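K.L.:
sequence and computational prediction follow.
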Amino acid sequence: MQDRYEDLKTFVAVVEAEGFSGAALRLGVVKSAVSRRISELEDRLGTQLLVRSTRSMSVTEAGALLYERALRLLDDLHDAEAEVSSGSAALRGKLRVAGPMSFGVMCLAPLAAEFAAQHPDLAVELDLNDRIVNEGFDLAIRISRLKDSSLVARSIAAIDHTVCASPAYLAQHGAPRTPHDLASHRGLAYSNLDDSAYWSFRDPANGTPFSVDVRSSFRVNNGAALREAAVQGHGIACLPHFIVAQAIARGELLPLLEDWRKAPVEVYAVYPTRRNLPLRVRAFIDFLLVRYTGNPALLHTA
């Protein structure tokens, strides 16, 4: 069992160091020992894990699968030891978190850095991308519920949206009084979301949700880019309030249709379905819940 543990530990080190020399340095052993362990591991599994050349090294499909599984196994072992060791409450290892770009920069990265500072033995790695990629991470923060049944989605916050446009645009085209008036305006749309979901509202009289058909003259997959297009007077946008709050405060954008706001959108912490969730993942989720619940202004500033 110890040999298998060392084999996996060595393999993970080689992948992360992108070579045998770096792995040997990280593990404090000689390069030949690393090479021997990898060869023995491949022989035992009966498959090639790494493609080696004189100048580079790459991971095979089987190697990539083993790397992800090995990370989880090693992390689970560390967490189990940490939880039963007396006086060992410190979080250690690496916490890999994925998140969307605008929310990540404005509302997630500051908290991730704060969490890392509170746990000096823990390395927090934050990957921001508006593409939905969940593999290779301990935890993903998503502003939508995912359909993948192998993942757990836990709500940690709610985001309000604001319809807005620049004073120059409104001076030229007038302000819509109801969402239906948007049909005669130029829309600025978020391309990662269906128009029916993006241009959705609630009737202020009874709370009934509905959507309107808006001609979108510009589409982009990033909220900050949409905000800048709206500031420049190119149309009307419907954006999370944390993205436009400062622009509104500066008078660069004016809020519209405030009685017709769409329902708040939930922010989810998404992670694999596992009986024993790593301690560092549970701790970070709890940290986000406390910080977002105790300070909702985090979601209302840019």
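P.N.:
All right, it came through fine.
K.L.:
mind listing the strands for the stretch 1-150 of the chain?
P.N.:
For the stretch 1-150 of the chain, applying DSSP state E, counting those that start in this stretch gives strands covering 50-52, 57-59, 93-99, 122-128, 139-142.
K.L.:
quick one: neighbours of residue 222, just the number.
P.N.:
Number of residues near residue 222 (other C-beta atoms under 10 Å) recorded here: 16. For glycine as for every other residue, the C-beta is placed from the backbone atoms N, C-alpha and C.
K.L.:
what do you get for residue 192?
P.N.:
Neighbours of residue 192 (other C-beta under 10 Å): 17.
K.L.:
I'd say it and residue 130 touch.
P.N.:
Yes - the pair residue 192 and residue 130 passes the contact test of C-beta atoms under 8 Å, sitting 6.0 Å apart.
K.L.:
can you list the domain ranges for the protein.
P.N.:
If you go by automatic domain parsing, the domain ranges for the chain are 2-84, 93-148+273-299, 161-260.
K.L.:
quickly list what's touching both of residue 192 and residue 130.
P.N.:
Residues touching both residue 192 and residue 130 (C-beta atoms under 8 Å, 6 or more residues apart in numbering): residue 221.
K.L.:
can you list the low-confidence ranges for this protein?
P.N.:
1-2, 54, 76, 78-89, 132-135, 145-150, 273-276, 294, 296-298, 300-302 (pLDDT under 70).
K.L.:
all the strands of the stretch 151-300 of the chain, residue numbers only.
P.N.:
151-159, 161-165, 187-190, 200-202, 209-211, 216-220, 236-240, 254-256, 265-272.
K.L.:
tell me which of those lies nearest to residue 73.
P.N.:
Checking those against residue 73 by C-beta to C-beta gives strand 265-272 as the closest, at 12.9 Å.
K.L.:
and the closest one, which residues are buried?
P.N.:
265, 266, 267, 268, 269, 270, 271, 272 (16 or more other C-beta atoms under 10 Å).
K.L.:
identify the residues contacting it?
P.N.:
Under C-beta under 8 Å, 6+ apart, the answer for strand 265-272 is 72, 103, 134, 138-146, 150-159, 161, 240, 277, 281, 285, 288, 292.
K.L.:
next one: residue 210 from residue 262, what distance?
P.N.:
Distance of residue 210 to residue 262, computed by C-beta to C-beta, to the nearest Å: 10 Å.
K.L.:
beta partners for the residue most central in space within the chain?
P.N.:
The chain has residue 99 as the residue nearest its centroid, 1.2 Å off, counting by C-alpha atoms, centre = their mean. Residue 99 has these beta-bridge partners by DSSP bridges: residue 128.
K.L.:
that one contacts residue 140, correct?
P.N.:
Yes - taking C-beta under 8 Å as the definition, residue 99 is a contact partner of residue 140 at 6.9 Å.
K.L.:
how about residue 66, nearest residue that isn't a chain neighbour?
P.N.:
Nearest residue to residue 66 in three dimensions, chain neighbours excluded: residue 49, at 6.1 Å (C-beta to C-beta, 6 or more residues apart in numbering).
K.L.:
so the one you found makes contact with residue 63?
P.N.:
Yes - contact criterion C-beta under 8 Å: residue 49 and residue 63 qualify, at 3.7 Å.
K.L.:
which neighbours do the two have in common?
P.N.:
residue 11.
K.L.:
residues in contact with residue 50?
P.N.:
Residues in contact with residue 50 (C-beta under 8 Å, 6+ apart) are 14, 15, 38, 42, 57, 58, 59, 60, 63.
K.L.:
is the closest residue to residue 195 other than its chain neighbours in a bridge, and if so with what?
P.N.:
Nearest non-adjacent residue to residue 195, counting by C-beta to C-beta, 6+ apart: residue 189, 6.3 Å away. Beta-bridge partners recorded for residue 189 (DSSP bridges): residue 219.
K.L.:
okay but residue 168 is in contact with residue 231, surely?
P.N.:
No - if you go by C-beta under 8 Å, residue 168 and residue 231 don't touch, sitting 9.4 Å apart.
K.L.:
neighbour count: the two, which is higher?
P.N.:
In this view residue 168 and residue 231 are compared by other C-beta under 10 Å, and residue 231 has more residues nearby, 19 against 13.
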